[in-house]
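1. With the input below, show me the fold.
(one chain, ligands or ions: 1)
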Amino acid sequence: MPTMTEGLEKTAATFANRKVLVTGGLGFIAGHLVNRLKEWGANVTLMDARSEYDGDLEYIQGDVRDYAAMSSAIKGQEVIFHFASILGVERIEQIPLDVMDVNLGGTVNALKACTEHGVKRMVLTSSSEIYGEPRVIPTPEDTLPSPVSVYGVSKLAAETYCQGYAQQHGLNYTAVRYFNVYGEGQAQEFVISKFLARFAEGLPPIIFGTGEQVRTYTYVSDAIDCTLLAAGSDKGVNEVFNIGGAETISLIELARLIGEISGKPMEPEFREFGDTGVREKGREVFARIPSVAKARSVLGYRSRIGLREGLTRTYDWYSKNA
Ligand SMILES: NC(=O)c1ccc[n+]([C@@H]2O[C@H](COP(=O)([O-])OP(=O)(O)OC[C@H]3O[C@@H](n4cnc5c(N)ncnc54)[C@H](O)[C@@H]3O)[C@@H](O)[C@H]2O)c1
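-> The predicted structure follows:
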């Protein structure tokens, strides 16, 4: 098995001059992926529903629900990274049918267009949410899925559709299941950004429930490393990989760690789940901890950025940009 560095060097070489389309290309994780692909000399096109883009890449403003737009964006491309999605706990509960339409319908359009235009590989960005409250912890990929949100259902259905397309049409796909990705540029509706915002305002972080719920947070560059290793390897064809960081932490410990990093430690303020107006008590998944044994043994993946370092980088970025 090559080392992580050797694996990434080999992957960089496979992406040089490749024609790559990134859907949802203006999003948080996609932005980091695109920077890496640019460094590696890939020929990157972005597609996103947003109207504002002032970068130097080819940009297509388009909606993944629109088959004609997808087909024309995908024509001539070799690899598709499909990131366009609706996410965020509060948002998904308000517009469940849109979530299915974009996350599943958009994937079906991408699969159809990839088949039509002979794309070599489509990478689907899936989620730990497909496991619901996982039956096995740490959770390996073959754990029986049981999503508890429309978002989890949409991602599971999208993965299943990819399998179907691979069998029926010979399409090569790779699905990556991200576990709580964080880092520079993440929107404010996610827990780490929310904690950072509270500390920046000199206010205590707010925790819903007891704060005992545990997560493995994944720094965005680790997520990108693993996504690209999977996408660039023949061993990633028609496979699904969990992608996660190396450390697991409870919400309360996370709040304290961010407080310590910010230099303004403050004890969290606790609230009942019902106070959010969206979540009911007891509906939050207690433990989300991946087994990344498959990514390690098949792709040589290792998390390179520990939680303290990742949070420090994110805090520094946040202090300058938010
Ligand atoms: N952030 C995480 O922790 C996490 C965890 C698990 C899975 N994921 C998955 O990773 C991917 C990227 O997540 P992110 O955190 O960067 O999200 P993000 O919201 O920052 O990016 C999503 C992008 O998709 C675009 N988009 C939404 N609807 C669209 C449409 N109909 N047509 C075209 N573009 C559309 C948005 O404008 C946005 O730029 C998503 O598929 C998400 O489900 C993320």
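2. Need the nearest residue in space to the residue in the stretch 1-150 of the chain that the ligand sits nearest to, chain neighbours excluded.
-> The nearest approach of the stretch 1-150 of the chain to the ligand comes at Gly27, 2.1 Å away (C-beta to the nearest ligand atom). In this view, the C-beta of every residue, glycine as well, is placed from N, C-alpha and C. Excluding the flanking residues, the one nearest Gly27 by C-beta to C-beta, 6 or more residues apart in numbering is Phe83, at 5.5 Å.
3. thought that neighbour was touching His32?
-> No: the criterion here is C-beta atoms under 8 Å, and Phe83 misses it with His32 at 10.7 Å.
4. the more surrounded of these two?
-> Under the criterion of other C-beta atoms under 10 Å, the comparison of Phe83 against His32 puts Phe83 first, with 25 against 20.
5. For that one, list the residues it contacts.
-> Residues in contact with Phe83 (C-beta atoms under 8 Å, 6 or more residues apart in numbering) are Val22, Thr23, Gly24, Gly25, Gly27, Ile29, Ala30, Leu33, Thr125.
6. got the residues you listed as JSON lines, with pLDDT, secondary structure and neighbour count columns?
-> Formatted as JSON lines, the contacts of Phe83 follow (pLDDT from 0 to 100; DSSP: H, G, I helix; E, B strand; the rest coil; neighbours: other C-beta atoms under 10 Å):
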{"residue": "Val22", "pLDDT": "99", "secondary structure": "strand", "neighbour count": "28"}
{"residue": "Thr23", "pLDDT": "98", "secondary structure": "strand", "neighbour count": "30"}
{"residue": "Gly24", "pLDDT": "98", "secondary structure": "coil", "neighbour count": "25"}
{"residue": "Gly25", "pLDDT": "98", "secondary structure": "coil", "neighbour count": "25"}
{"residue": "Gly27", "pLDDT": "98", "secondary structure": "coil", "neighbour count": "23"}
{"residue": "Ile29", "pLDDT": "98", "secondary structure": "helix", "neighbour count": "23"}
{"residue": "Ala30", "pLDDT": "98", "secondary structure": "helix", "neighbour count": "22"}
{"residue": "Leu33", "pLDDT": "98", "secondary structure": "helix", "neighbour count": "25"}
{"residue": "Thr125", "pLDDT": "98", "secondary structure": "strand", "neighbour count": "28"}
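7. longest helix of this structure?
-> Longest among the helix segments of the chain by residue count, using DSSP state H, is helix 150-169.
8. what separates it from the chain centre, distance-wise?
-> On the basis of C-alpha atoms, centre = their mean, to the nearest Å, helix 150-169 sits 16 Å off its chain's mean C-alpha point.
9. list the buried ones in that helix?
-> Neighbour counts over helix 150-169 (16 or more other C-beta atoms under 10 Å) mark 150-159, 161-162, 165-166 as buried.
10. Tell me the one of the residues you listed nearest Asp142?
-> For the buried residues of helix 150-169, the minimum distance to Asp142 (C-beta to C-beta) is 12.9 Å, reached by Glu159.
11. Wait, that closest one touches Ser127, no?
-> No: using C-beta under 8 Å, Glu159 is not in contact with Ser127, being 9.6 Å away.
12. ok so, going back, can you name the residues in contact with the longest helix of the chain?
-> By C-beta under 8 Å, 6+ apart, helix 150-169 touches 86-87, 92-93, 96, 99-100, 103-104, 107-108, 111, 114-115, 122, 124, 126-127, 129-132, 145, 147, 171-173, 175, 238, 240.
13. Report the entries of the residues you listed that also contact the ligand.
-> Ile86, Leu87, Ser127 (C-beta under 6 Å from any ligand atom).
14. where does the first one fall, helix, sheet strand or coil?
-> What that stands for is Ile86. coil (DSSP: H, G, I helix; E, B strand; the rest coil).
15. Would you enumerate the residues in contact with Ser85?
-> Contacts for Ser85 (C-beta under 8 Å, 6+ apart) come out as Gly24, Val102, Asn103, Gly106, Thr125.
16. can you give me the strands in the stretch 151-300 of the chain?
-> 173-178, 181-182, 206-208, 214-216, 218-219, 239-243, 248-250, 269-271, 287-288 (DSSP state E, counting those that start in this stretch).
17. With mean pLDDT, distance to Val64 and mean neighbour count as added columns, please give the ones you listed in CSV.
-> Shown next, in CSV, are the strands of the stretch 151-300 of the chain (pLDDT from 0 to 100; distance: least, C-beta to C-beta, whole Å; neighbours: other C-beta atoms under 10 Å):
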stretch, mean pLDDT, distance to Val64, mean neighbour count
strand 173-178, 98, 16, 24
strand 181-182, 98, 20, 24
strand 206-208, 92, 32, 18
strand 214-216, 97, 28, 22
strand 218-219, 98, 24, 28
strand 239-243, 98, 21, 24
strand 248-250, 97, 33, 17
strand 269-271, 92, 36, 13
strand 287-288, 95, 26, 21
